[in-house]
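Student: Build me a structure from this.
(2 chains)
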Amino acid sequence: MFAVRRRTVYRQTSGIPGPIELLREAIAEVGSRQRLIRYLVVAEMKRRGSDTIFGNLWWILDPILQMVVYVIFVSILLSTKQQPDYPLFIFAAILPFKWFSSVVTDGTVAVIKDTALIRQIAFPKIILPIASATGGVVGFAWGLIPLTVVTLLYGRLTPFILWVPVIALVQYVFSVAAAIFVSAANVFFRDLGNVAGHLLRLWWFLSPSLYSLQQFDGLGFVKAHPIIATLARLNPFAILFEAYRAVIYGSTTAPYAPPSGGPDVVGLVGLLLGSIVLVGLTTIFFKRLEPEFAKVL
Amino acid sequence: MARLKPLGRDDGGPNDAIVATDLGVQYNLRFNRKRSMRESIANVVTRKPPERFWALRHVNVHVPHGESLGVIGPNGAGKSTLLQVLAGIMRPSEGSVEVRGAVSGLLTLGAGFDQELSGRENILLGGAFLGLDDKVTRELMPGIVDFADLGAFIDAPIKTYSAGMRARLGFSIATSVDPDILLLDEVLATGDATFREKSKGRVIELVKSAKAVVLVTHDMIWVQEYCNRALLLEHGQVVVEGTPDDVVAAHLERTAAAKAERDAAALAAGLDPRAR
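Tutor: A predicted model of the protein is given here:
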């Protein structure tokens, strides 16, 4: 419909700018379009609210229902000794992962969902995955309500729960990188969405979601190959789940006792730095492909 | 017959709002259609060379401030691609384009609107897409609302709008931002007769106030009446450039010739052109 360049003079040539230049461009674009991100997030919320009967109530219902499903599933199928207060134990993982998987699924369509927008308006497209990932925060924030309730129910609510926003910030940076990557890649490979669904499920079960990292270490083949235990600790979601669990659930060995030392800060800082690098790399990837979007869509 | 201008390299004068030099846009057909990974991997494995296609090639365009340039040509000639490059939506594969001034483009009406938001909210969203400061958009709001003339609908969600109402709002936003350069793609035929008159008036106003306009259209009358210059695109190349009357005449002549040729070929193949 419309396209504007506020810069009074712009010049485009066939050459592609270098990675540093692309990164600088992206930072300037996001900095100057914060308002657009906000409007897009609000519009997305409105759409969600109006399409469903329960509207935003789904943000609360969904993780609870998922928790119930897993509790039943694990109780019936697996006879292994469960963690005390198992529902809370897995809820601390369900909520953050539900956030991440919705960011990835929304991210895959962030660029392709409005073809006309891409073809007709000159605006920094990187806003789209960032807005989509930021919109996911709202869902997570709603989920904090049932989280607090379940934690209270099991009498495990401690001031350590105030760590949750800090851990969530690390996860946010990581999920922005994921959203930027899948949104650009999906323009060229439309079946990425199908692949992503399966990869997410696999990732969920390979991460210490329904079990603890300690339990994983106790498995026969992990004992035989200690390298697997080391690798498992490099999984971003191993770091995140363990951190969430440390501040929400507390320690597994001493039920009903306040958590001993809070989350693994070193692991979180490492993940944050790694995620920042990932955001940079995926941004360069996105910016390199961006000029082709209008031709492909 | 139109005067054929030499189409050499041209850096343009200081008065030019748009200077496009040796512009080329290439499409890689490997990605042009929605492809799946299976097909792409198959293409890589079988070492199938990528199919490429030039939508525009060796195009030189310059538009001085205060000029209204009409771009005509058959479907698929690259007219819309040219506007997309001028708007900064596409990066040229070859050559360069320089645009001096704030560009507002009305490429298709209705893009960028959010169905759930009201007309007013969509004006704010549109302003944000255009990169306008929120304060500026809010200042422009009364003028945009007034020109679109949607009555009480301005506070209703866009999904309740008719196509014409949507077009009116889109046109109103794009022309209210006081652009130095206005890009229009076949959008003047929208809305009812009253709004068409009104939008014509707005475009003429913009042209008069020393703004540059590039207009892509199939409406020859528009080109002849409101453009000072025109160019004819065919197969991604500028065929004729000159006064609107000359270029329109050349276009009609070439279209008739092409049609006669097709008919002759069909006749030769034993088909009656009128039977098709």
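
Student: Direction included, what does the host helix or strand of B:Q26 pair against?
Tutor: Element membership for B:Q26 (DSSP states H and E) is strand B:16-28. Applying DSSP bridges to the sheet, strand B:16-28 is found paired with strand B:52-64 (antiparallel), strand B:94-100 (antiparallel).

Student: Report the residue spans of the stretch 1-150 of chain B with pLDDT below the cut-off.
Tutor: Under the criterion pLDDT under 70, the flagged ranges of the stretch 1-150 of chain B are B:1-14, B:30-41, B:43-50, B:105-110.

Student: got the buried residues for the strand holding B:Q26?
Tutor: B:16-27 (16 or more other CB atoms under 10 Å in any protein chain shown). (Each C-beta comes from the backbone N, C-alpha and C, glycine too.)

Student: again with stretch A:75-86
Tutor: Those would be A:82-86, for stretch A:75-86 by 16+ other CB under 10 Å.

Student: which helices and strands sit right next to the longest helix anywhere in chain A?
Tutor: Identified as the longest helix of chain A according to DSSP state H is helix A:265-296. The criterion is 3 or more CB pairs under 8 Å, 6 or more residues apart in numbering or on different chains; DSSP states H and E, and the helices and strands that helix A:265-296 contacts are helix A:19-32, helix A:115-120, helix A:164-188, helix A:236-248, strand B:16-28, helix B:29-32.

Student: A:A224 is nearest to which of these?
Tutor: Taking CB to CB, helix A:236-248 is the member of the helices and strands packed on helix A:265-296 nearest to A:A224, at 19.6 Å.

Student: Now the terminal residues of stretch B:202-217, how far apart.
Tutor: 17 Å (CA to CA, to the nearest Å).

Student: chain center to that stretch, what's the gap?
Tutor: Taking CA atoms, centre = their mean, to the nearest Å, one finds the center of stretch B:202-217 at 13 Å from the center of the full chain.

Student: if you go through chain B in chain order, where are the strands?
Tutor: Along chain B, counting by DSSP state E, strands occupy B:16-28, B:52-64, B:68-72, B:94-100, B:103-106, B:181-185, B:212-216, B:229-234, B:237-242.

Student: could these be laid out in CSV, adding distance to A:L169?
Tutor: Output for the strands of chain B, formatted as CSV (distance: least, CB to CB, whole Å):
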stretch, distance to A:L169
strand B:16-28, 39
strand B:52-64, 44
strand B:68-72, 50
strand B:94-100, 40
strand B:103-106, 38
strand B:181-185, 41
strand B:212-216, 46
strand B:229-234, 52
strand B:237-242, 54
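
Student: looking at those, which is buried most?
Tutor: Counting by mean count of other CB atoms under 10 Å in any protein chain shown, strand B:103-106 has the highest mean neighbour count of the strands of chain B, with a mean of 28.

Student: Spatially central residue for chain B, please.
Tutor: B:D185 (3.2 Å; CA atoms, centre = their mean).

Student: Quickly list what that residue is bridged to.
Tutor: Taking DSSP bridges as the rule, B:D185 bridges to B:V216.

Student: show me the contacts for A:F174.
Tutor: Contacts for A:F174 (CB atoms under 8 Å, 6 or more residues apart in numbering or on different chains) come out as A:100, A:236, A:240, A:271, A:275, A:278.

Student: Any idea which of the helices and strands packed on helix A:265-296 has the lowest pLDDT on average?
Tutor: When the helices and strands packed on helix A:265-296 are compared on mean pLDDT, helix B:29-32 scores lowest, with a mean of 63.

Student: ok and the helix ranked longest in chain B relative to strand B:229-234, angle-wise?
Tutor: The longest helix of chain B (DSSP H) is helix B:244-268. Relative orientation of helix B:244-268 versus strand B:229-234 (axes from the mean of the first three to the mean of the last three CA atoms, to 10 degrees): 20 degrees.

Student: measure the closest residue to B:A111 other than its chain neighbours to B:F129 for me?
Tutor: In space, and not counting its chain neighbours, B:A111 is closest to A:A116: 3.5 Å by CB to CB, 6 or more residues apart in numbering or on different chains. In this view, A:A116 and B:F129 are 12 Å apart by CB to CB, to the nearest Å.

Student: Neighbour count for the two, which is higher?
Tutor: B:F129 (27 against 16; other CB atoms under 10 Å in any protein chain shown).

Student: can I assume that one is in contact with A:I121?
Tutor: Yes. Using CB atoms under 8 Å, B:F129 is in contact with A:I121, at 5.5 Å.

Student: Quick check: buried residues in stretch B:203-219?
Tutor: By neighbour count on 16+ other CB under 10 Å, the buried set for stretch B:203-219 is B:203, B:206-207, B:211-217.

Student: who touches A:G193 in this structure?
Tutor: A:105, A:108-109, A:186.

Student: ok, it to A:L206 distance?
Tutor: 20 Å.

Student: which stretches of the stretch 51-200 of chain B form helices?
Tutor: B:79-87, B:119-130, B:134-148, B:163-176, B:193-208 (DSSP state H, counting those that start in this stretch).

Student: Can you check which of these gets nearest to B:V103?
Tutor: helix B:79-87 (6.0 Å).

Student: So what's the gap between that closest one and the chain middle?
Tutor: 6 Å.
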